[in-house]
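Asker: Sequence and predicted model, in that order:
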Amino acid sequence: MATLLTDVHTHSTFSPDGVSPLEEMLKTALEQGVAFYGVSEHVNYDMLVAEEDGRVYATERHTDVEDYFHTARHLQEDYAGAMNVLVGAEFGYADDARVSAMYKALIEKYRPDFIVNSIHTIDGVDYWCGSTFYKEEKGERVERDKAETYKEYLALLLRSVQADYDYDIVGHIGYPTRYAPYADKSMPYKEYAQEIDAVLREIIARGKILEVNASGDSPLPNRDVLERYYALGGREISYASDAHATTRIMKGRDKVIDMLKEIGFTYITVPCKGEKIKVEI
Ligand SMILES: [Zn+2]
Ligand SMILES: [Zn+2]
């Protein structure tokens with residue numbers, strides 16, 4: 001095993017919320033000495049289906065997957081020998097057989113090098129919108145109980161880990177904590193131990209990789225969740241900047257790696273075409 005830099009969850013302007021073009025993202029990653037650079041443009045079929053049903057809170061653009069895979073495969077060849085570019089995708093999970101079928105079809109057609117399976121929406125609405133945290137009561141909009149919304153998310157998360165399509169990485173566990181209206185937004189392990197254990201055990205049993213996502217103010221998941229994953233025998237972990245702009249590539253990596261080493265992790269796992277590459281940290 002060699003010590004190499006990895007960043008296996010990034011976006012570009014192919015994604016609706018991307019800021020920098022893919023060519024610039026790759027150029028910057030190479031300049032930073034990244035050895036394994038994973039591109040995971042958003043594929044939000046969860047939202048596409050919600051739009052068809054008229055349930056979606058806000059309509060958004062979608063990644064042109066045909067254009068993306070075509071362009072990215074060419075760039076992958078251009079970088080061969082200089083940097084390992086992994087052409088992947090980030091799937092937005094939904095409890096919907098139509099969505100699963102669309103993801104399976106995409107996998108069949110484009111054979112992504114890796115897939116990050118993430119939750120962004122519940123019932124077709126992105127947690128980012130905030131409305132999930134409220135309900136109507138006697139004609140008034142009131143905040144829902146924190147434990148109720150978080151346990152609802154963790155139940156959905158467990159079903160996403162059990163998704164019936166192939167994927168490699170479980171993305172940003174704790175996503176709703178970024179957008180929750182509560183004074184204390186945290187999702188501590190001890191308060192949700194039963195639900196979180198079920199998720200972590202499922203990740204380990206299925207041989208999936210747990211992501212540490214450094215795009216926010218603090219990494220997702222929390223350190224206590226990562227400690228529990230390690231205690232349960234989980235060793236496969238991934239670092240993600242989740243960069244949407246060149247300035248964010250490799251963001252917070254040193255802090256994440258220091259934390260992982262303190263917990264006991266000795267390597268990062270990079271998925272590529274069904275293989276798992278161990279990279280020493
Ligand atoms: Zn995401
Ligand atoms: Zn992402």
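Answerer: That came through fine. From a predicted model like this one, the values you see are computed outputs, not experimental measurements. Residues are numbered from 1 along each chain as shown. Ligands and ions are numbered 1, 2, ... in the order given.
Asker: contacting residues around the helix or strand bottoming out on mean pLDDT in the chain?
Answerer: When each helix and strand of the chain is scored by mean pLDDT, DSSP states H and E, helix 45-52 comes last, with a mean of 88. Counting contacts by C-beta atoms under 8 Å, 6 or more residues apart in numbering, the residues outside helix 45-52 that touch it are 56, 59-60, 62, 91-94, 96, 98-99, 102-103, 120-121, 123-126. In this view, the C-beta of every residue, glycine as well, is placed from N, C-alpha and C.
Asker: So which residue is dead centre in this structure?
Answerer: When C-alpha atoms, centre = their mean is applied to the chain, the residue found nearest the centroid is Gly171 (2.6 Å).
Asker: pLDDT score assigned to it?
Answerer: Gly171 is assigned 98 on the pLDDT scale.
Asker: Hmm, Tyr93 and it touching each other?
Answerer: No: Gly171 lies out of contact with Tyr93 (C-beta atoms under 8 Å); the separation is 9.0 Å.
Asker: quick one: which helix or strand includes Val8?
Answerer: strand 5-10 (DSSP states H and E).
Asker: quick one, strands of this protein?
Answerer: For the chain, applying DSSP state E gives strands covering 5-10, 34-43, 84-92, 115-118, 121-122, 125-126, 134-137, 140-143, 169-170, 209-213, 237-240, 267-272, 275-280.
Asker: For Ile169, list each beta-bridge partner.
Answerer: Here Ile169 shows beta-bridge partners Val116, Ile209, assigned using DSSP bridges.
Asker: Can you give me the neighbour number for it?
Answerer: 29 (other C-beta atoms under 10 Å).
Asker: can you pull the contacts of it?
Answerer: Contacts of Ile169 by C-beta under 8 Å, 6+ apart are 8-9, 114-117, 208-211, 238, 240, 271.
Asker: among these, who's most crowded?
Answerer: Val8 leads the contacts of Ile169 on contacts (other C-beta under 10 Å) with 31 neighbours.
Asker: residues in contact with that residue?
Answerer: Contacts of Val8 by C-beta under 8 Å, 6+ apart are 36-38, 40, 86, 88, 114, 169, 238-240, 270-271.
Asker: Quick check: it vs ligand 2, distance?
Answerer: 11 Å (C-beta to the ion, to the nearest Å).
Asker: what's the neighbour count on Arg178?
Answerer: Arg178 has 15 nearby residues by other C-beta under 10 Å.
Asker: Same check on the one 3 residues further on?
Answerer: The number of residues packed near Pro181 is 12, by other C-beta under 10 Å.
Asker: Distance check, it against Thr149.
Answerer: 10 Å (C-beta to C-beta, to the nearest Å).
Asker: Overlap in contacts, the two.
Answerer: Phe133.
Asker: Contact partners for the residue of the stretch 51-200 of the chain found nearest ligand 2?
Answerer: Closest approach between the stretch 51-200 of the chain and ligand 2, counting by C-beta to the ion: Glu90, at 4.7 Å. The contact partners of Glu90, taken as C-beta under 8 Å, 6+ apart, are His9, His11, Ser40, Glu41, His42, Val43, Ile115, Val116, Asn117, Ser118, Gly171.
Asker: If it is in a bridge, with which residues?
Answerer: With DSSP bridges as the rule, Glu90 is bridged to His42, Val116.
Asker: Let's see the pLDDT reported for it.
Answerer: 98.
Asker: What of the one 5 residues further on?
Answerer: What the model reports as pLDDT for Asp95 is 95.
Asker: same check, this time on the one 4 residues further on
Answerer: At Val99, the predicted lDDT confidence score is 96.
Asker: Thr266 now?
Answerer: For Thr266, pLDDT reads 98.
Asker: tally of neighbours for it?
Answerer: 11.
Asker: sorry, back to before: include distance to ligand 2 when you put the contacts of Val8 into JSON lines, please.
Answerer: Shown next, in JSON lines, are the contacts of Val8 (distance: C-beta to the ion, whole Å):
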{"residue": "Phe36", "distance to ligand 2": "16"}
{"residue": "Tyr37", "distance to ligand 2": "14"}
{"residue": "Gly38", "distance to ligand 2": "10"}
{"residue": "Ser40", "distance to ligand 2": "6"}
{"residue": "Leu86", "distance to ligand 2": "14"}
{"residue": "Gly88", "distance to ligand 2": "11"}
{"residue": "Phe114", "distance to ligand 2": "13"}
{"residue": "Ile169", "distance to ligand 2": "11"}
{"residue": "Ser238", "distance to ligand 2": "12"}
{"residue": "Tyr239", "distance to ligand 2": "13"}
{"residue": "Ala240", "distance to ligand 2": "7"}
{"residue": "Val270", "distance to ligand 2": "16"}
{"residue": "Pro271", "distance to ligand 2": "15"}
